[in-house]
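A.B. asks: turn this into a structure:
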Amino acid sequence: MSKVLYPGSFDPITKGHMNIIDQACGLFDEVVVGVLINPNKKNSFFNPEERVELIKNIYKDNGKVKVITAKGAAVDVAMENNCSAIVRGLRGITDFDYEISMQQVNKEISDYKVNTICFFADPNYQFLSSSMVKEVFVLGKDISKYVDDSVQKKMEVKTYGSKNIR
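C.D. replies: A predicted model of the protein is given here:
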């Protein structure tokens, strides 16, 4: 069984993230979406449990997707979950530069047991990031092109309350 880890903060999960998950599901038997807890990130919109709930809801009908929370290095999470590779999404050259160095470190840390596989995001999502989505949302603009309806609704309820959704 081919099993890979797709790690990230997913705060919030975007259609770009979903595009990478969908691509990975097309090639692997199981995609473990790892919501990694980064203690250095202080300005999160959703707590880890909310992020897991949103992702599980989006992929509830896809038996290939498993969602977990984890702390620590992605390579350690991959090994703990018997994943043979880490999936990464690339938006541009800056992502590539970072990922090429990380893949070598991850290989060495894992004793060459964990590989890194990069997927290019579809052109519609090459610019997309969770930070951008949060910024656009805070400015009161429409984010429906960037996130699943359930994510937008949860962001609105969290910000405006259930009775004051835009």
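A.B. asks: show me what the helix-or-strand element of the chain with minimal mean pLDDT is packed up against.
C.D. replies: Here the helix or strand of the chain ranked lowest by mean pLDDT, DSSP states H and E is helix 93-109, holding a mean of 90. For helix 93-109, the packing partners by 3 or more C-beta pairs under 8 Å, 6 or more residues apart in numbering; DSSP states H and E come out as helix 74-80, strand 85-90, strand 115-120. From N, CA and C alone the C-beta is placed, and that goes for glycine too.
A.B. asks: same list (these) but as a markdown table, adding mean neighbour count and distance to residue 19.
C.D. replies: Converted to a markdown table, those look like this (neighbours: other C-beta atoms under 10 Å; distance: least, C-beta to C-beta, whole Å):
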| stretch | mean neighbour count | distance to residue 19 |
| --- | --- | --- |
| helix 74-80 | 20 | 19 |
| strand 85-90 | 22 | 8 |
| strand 115-120 | 17 | 8 |
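A.B. asks: next, format these as JSON lines and append mean pLDDT.
C.D. replies: Listed next are these as JSON lines, based on pLDDT from 0 to 100:
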{"stretch": "helix 74-80", "mean pLDDT": "97"}
{"stretch": "strand 85-90", "mean pLDDT": "96"}
{"stretch": "strand 115-120", "mean pLDDT": "96"}
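A.B. asks: among the ones you listed, which comes closest to residue 150?
C.D. replies: Residue 150 sits nearest to strand 85-90 of all the helices and strands packed on helix 93-109, at 20.5 Å, using C-beta to C-beta.
A.B. asks: list the neighbouring strands of the closest one plus their orientation.
C.D. replies: In the sheet, strand 85-90 lines up against strand 3-8 (parallel), strand 115-120 (parallel) (DSSP bridges).
A.B. asks: neighbouring contacts of it?
C.D. replies: Contact with strand 85-90 is made by 4-7, 16-17, 19-20, 24, 31, 74-75, 78, 95-96, 99, 102-103, 106, 114-121, as judged by C-beta atoms under 8 Å, 6 or more residues apart in numbering.
A.B. asks: so how many other residues sit close to the closest residue to residue 144 other than its chain neighbours?
C.D. replies: Spatial nearest neighbour of residue 144, excluding adjacent residues (C-beta to C-beta, 6 or more residues apart in numbering): residue 152 at 5.9 Å. By other C-beta atoms under 10 Å, the residues close to residue 152 number 19.
A.B. asks: what is the mean pLDDT for the host helix or strand of residue 152?
C.D. replies: Per DSSP states H and E: residue 152 is located in helix 149-160. Averaged across helix 149-160, the pLDDT comes to 95.
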